[in-house]
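Peer 1: just the structure for this:
(3 chains)
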Amino acid sequence: MTGFVVLLGITAASFSFGMVAVLSTMIGTAAGRLGRVERALVNQGLFGYNAVLTGIGIFVFLQGSNRWWIALIGAFLSTVVTAAMMQWLAKLKIPVLTFPFAVLTWLILLVSYRFEAVKIGPTLSPAALSAVTINRNETPDMISGWIHGIGQVYIMDHLWAGILILVGVFLAGWKQGLLALGGSIVGWSTAYFLRADMSWLNTGLYGYNAALTFLAIGGVFGHGNKTALIAGAVGAAFSVPMTAGISVFLAPYGLPAFTMPFILTTWLYLGSRQFLRNW
Amino acid sequence: MTGFVVLLGITAASFSFGMVAVLSTMIGTAAGRLGRVERALVNQGLFGYNAVLTGIGIFVFLQGSNRWWIALIGAFLSTVVTAAMMQWLAKLKIPVLTFPFAVLTWLILLVSYRFEAVKIGPTLSPAALSAVTINRNETPDMISGWIHGIGQVYIMDHLWAGILILVGVFLAGWKQGLLALGGSIVGWSTAYFLRADMSWLNTGLYGYNAALTFLAIGGVFGHGNKTALIAGAVGAAFSVPMTAGISVFLAPYGLPAFTMPFILTTWLYLGSRQFLRNW
Amino acid sequence: MTGFVVLLGITAASFSFGMVAVLSTMIGTAAGRLGRVERALVNQGLFGYNAVLTGIGIFVFLQGSNRWWIALIGAFLSTVVTAAMMQWLAKLKIPVLTFPFAVLTWLILLVSYRFEAVKIGPTLSPAALSAVTINRNETPDMISGWIHGIGQVYIMDHLWAGILILVGVFLAGWKQGLLALGGSIVGWSTAYFLRADMSWLNTGLYGYNAALTFLAIGGVFGHGNKTALIAGAVGAAFSVPMTAGISVFLAPYGLPAFTMPFILTTWLYLGSRQFLRNW
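Peer 2: Residues are numbered from 1 along each chain as shown, chains lettered A, B, ... in the order given. Next comes the predicted model:
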């Protein structure tokens, strides 16, 4: 049910996006099955999740008709990267999360500078740090920004996508819904307080990593207890400078931070938890 | 015998290159021996291989007379890096391959921007992504491109070097020869299909990583069985976008991708093989 | 006693720096305690050391009054990063050293390009590699350069800071003092020989990583035996090209190399020691 409403949200942004999402999920799950990955792992959704994000990520930021098959090949490749990362990160006892999506999509977007068959879209443009500016002239629209923060989890810069995806998360459980929305609010507020770019605030670019982080630390890994909720809120706030720093590092390449801030923040929480035993 | 013919190929490109190759191999092997590395490991050639590539890589891309001793010190340092990487990667059960060569040579080439004693050659020039272009005006020369792809395994942009190195690989075994040549062809064709830069195609820059990948996955690690051959061909093809992406990432630094695409592709194959059990 | 004299040295450079150092150490140690890290680990000083460097690093390179609380939040966050790194690096049997400081401070300095509340100071300016120059017109001042190399261990570009910190190290033991001073001299000389930028030589920027490396390899990890001293001197010399290479890699971001050259050099020594058994 959640999956269906999320898909509806993606389709609301664009019918093509919905198509890519469905096909990528199918490819990701099928590749996992074909490769005889243990059924439990495939069903857990890790393969499908990375595949759908990779497919959408490539499709949204490329242009031209080739992006169809590039997105689907990307979805397939994401399963290989996911399998390898699971193998390696297991030894460090950290979860793969959406690391394969972020790294693989970066790679494929960069490829556009070397192949005429791969055309980068107009929204991404490489810039030296001296050319990075902070736009403070837009009017911040709080609630719209929070909702966009949810939509950006699936790389959707679209209000209705955000609303429907949020509904989907609430359908999975009201706790999850509150954590996701709360995370987006914490992210937005932290960025607002630090005097961030207004258009980034309005399009939810400081919200989605915070939402994912709050969900992961406060919910999935923290088992929802009280200290985990506090750690989750701190993590959601920390994902904001993480987003800023990573996006500056990527500025010369014109790449978005994707979910890397969420991944690194969650890893830091999990890694430090062993030592800082009060968390 | 293979070693001798490969050396002949390198010498065909330039007598100095041959000298550096011989001296670097000697330094690499001697350093391994002196450090009392287990004889088996040294004989396996990992230390010598990284040393010779590091020596040649530094020598080819630097200029001025200082490059002689810088290349040889680099060859020595490569043994330290190789030893450390063997130690660390053993825990992840992935082989070192030529990772020490790629990383150390990058470091030493970058150093030229801070020391007058280290002079970077004219072929490498840093460029912002906005200045990266795709040259489609050259006429592609298929067979020459395939052979150059073999020569580039030893960083040789030279037809006779390519021919002799290929002969050397065939002398080691006709299967190896076919895999190397096949890999170079797969790489060239994938890049051609993706409408890559023609001068990159003609100088084999999309071939050598594909050749190494096909050899590693189809031969060394895949034990030459049928699924391994298919995986090797897919890997060889994947090394092409990998080469493009890494070279774009390095463009602001003016560094070549070296063998990093081969290394990462092979690691991904080995890491994912545990999970995707049909490979 | 050592701590007190080092603090005096930092305060000599600027009273604010001293304040930040004291507060950061307190935060680092308190966070470790609060998190119920085993007392032994906290007392070992790793948490405090990374906290104080992070606090000072942020404070020195930012400007405006906000840098006070940003530095202290940074000091707190450094304990989380330190805890996580300890967890992960333990599996590779390599020590954390000051890795958390270097990475976290880089992140927070980059953040300034996205938030108006975080103001980068005037000393750091991003530059394309084509704009990197080597200033050979200053007169080298050997002894001052060596002392500055000691001061730069705590990011102090100040002669008296260098002198007092050196006194502090000697108070901890004359061997440590000699290793630190010797390392700074080895670093300075290697860079001078390679014809480095004169103002970098005079401000000790090639000295501090060499000093730390000599201390770590020759002293702490090498147990002061004779081969360890030779390895330490080689390591100190190698930290110089390492510093140059890393600083070039960071040039487009305008970030200093911090202690990363020391960290990587020491890791390489420790990793390779298992194999190269004569070290």
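
Peer 1: pLDDT weak spots in the stretch 101-250 of chain A?
Peer 2: A:223-224 (pLDDT under 70).

Peer 1: show me where it has helices.
Peer 2: A:142-151, A:159-172, A:174-193, A:198-202, A:208-213, A:226-250 (DSSP state H, counting those that start in this stretch).

Peer 1: and those helices, which is most packed in?
Peer 2: Of all these, helix A:208-213 has the most neighbours on average by mean count of other CB atoms under 10 Å in any protein chain shown, namely a mean of 32. Every C-beta, even on glycine, is put in place using the N, C-alpha and C of the backbone.

Peer 1: related to what we said a few turns ago, ok, which of the helices of the stretch 101-250 of chain A comes nearest B:Ser14?
Peer 2: For B:Ser14, the closest of those is helix A:226-250, at 38.7 Å, according to CB to CB.

Peer 1: who are the packing partners of that closest one?
Peer 2: Applying 3 or more CB pairs under 8 Å, 6 or more residues apart in numbering or on different chains; DSSP states H and E, we find helix A:226-250 packed against helix A:174-193, helix A:208-213, helix A:260-273, helix C:99-110.

Peer 1: list the residues that contact A:Arg114.
Peer 2: Listed by CB atoms under 8 Å, 6 or more residues apart in numbering or on different chains, the contact set of A:Arg114 reads B:Val132, B:Ile134, B:Ala196, B:Asp197, B:Trp200, B:Ala244, B:Gly245, B:Ser247, B:Val248.

Peer 1: distance check, it against C:Ser184.
Peer 2: 44 Å (CB to CB, to the nearest Å).

Peer 1: residues from the stretch 51-200 of chain A in reach of chain C?
Peer 2: Proximity of the stretch 51-200 of chain A to chain C (CB under 8 Å from any CB of the partner chain) is limited to residues A:91-92, A:94, A:128-130, A:132, A:134, A:136, A:191, A:193-197, A:200.

Peer 1: buried among these? Need that as a selection in PyMOL.
Peer 2: Buried residues within these, by 16 or more other CB atoms under 10 Å in any protein chain shown, are selected in PyMOL with:
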select buried, chain A and resi 92+94+128+129+132+191+194+196+197+200
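
Peer 1: the residues of the stretch 51-200 of chain A next to chain C: which ones sit near chain B?
Peer 2: Within these, those near chain B by CB under 8 Å from any CB are A:Lys91, A:Ala128.

Peer 1: closest one to A:Ile56 out of the residues of the stretch 51-200 of chain A next to chain C, please.
Peer 2: Taking these together and measuring to A:Ile56 by CB to CB, the closest member is A:Trp200, at 19.9 Å.

Peer 1: nearest spatial neighbour of the closest one, skipping sequence neighbours?
Peer 2: Leaving aside its sequence neighbours, A:Trp200 sits nearest to A:Tyr206 (CB to CB, 6 or more residues apart in numbering or on different chains; 6.0 Å).

Peer 1: quick one: contacts for the one you found?
Peer 2: Going by CB under 8 Å, 6+ apart, the list of residues near A:Tyr206 reads A:Gly149, A:Gly187, A:Trp188, A:Thr190, A:Ala191, A:Ala196, A:Trp200, A:Val240, A:Thr243.

Peer 1: pretty sure the second one contacts A:Phe238?
Peer 2: No. With contact defined as CB atoms under 8 Å, A:Gly187 and A:Phe238 do not form a contacting pair (10.0 Å).

Peer 1: and the nearest residue to A:Met242 once chain neighbours are set aside, how far from A:Ile165?
Peer 2: Nearest residue to A:Met242, sequence neighbours excluded (CB to CB, 6+ apart): A:Pro261, at 3.8 Å. Noted for A:Pro261: a distance of 19 Å to A:Ile165, by CB to CB.

Peer 1: same thing with A:Leu178?
Peer 2: According to CB to CB, A:Leu178 and A:Ile165 sit 15 Å apart.

Peer 1: and the single nearest residue of the stretch 1-150 of chain A relative to chain C, how far is that from chain B?
Peer 2: In the stretch 1-150 of chain A, the residue that lies nearest chain C is A:Leu129 (3.9 Å; CB to the nearest CB). Distance, A:Leu129 to chain B, using CB to the nearest CB, to the nearest Å: 11 Å.

Peer 1: give me the spatial nearest neighbour of that residue, chain neighbours excluded.
Peer 2: C:Pro126 is the one closest to A:Leu129 (CB to CB, 6+ apart), at 3.9 Å.

Peer 1: the one you found contacts C:Gly254, correct?
Peer 2: Yes. The criterion here is CB under 8 Å, and C:Pro126 meets it with C:Gly254 at 3.7 Å.

Peer 1: who has more neighbours out of those two?
Peer 2: Between C:Pro126 and C:Gly254, C:Pro126 has the larger neighbour count (other CB atoms under 10 Å in any protein chain shown), namely 22 against 19.

Peer 1: what does the pLDDT read for A:Phe275?
Peer 2: Note for A:Phe275: predicted pLDDT of 68.

Peer 1: what does the stretch 1-150 of chain A have sitting close to chain B?
Peer 2: Close to chain B, as judged by CB under 8 Å from any CB, the stretch 1-150 of chain A has residues A:31-32, A:34-37, A:41, A:77, A:79-81, A:83-88, A:91, A:106-108, A:110-111, A:113-118, A:125-126, A:128.
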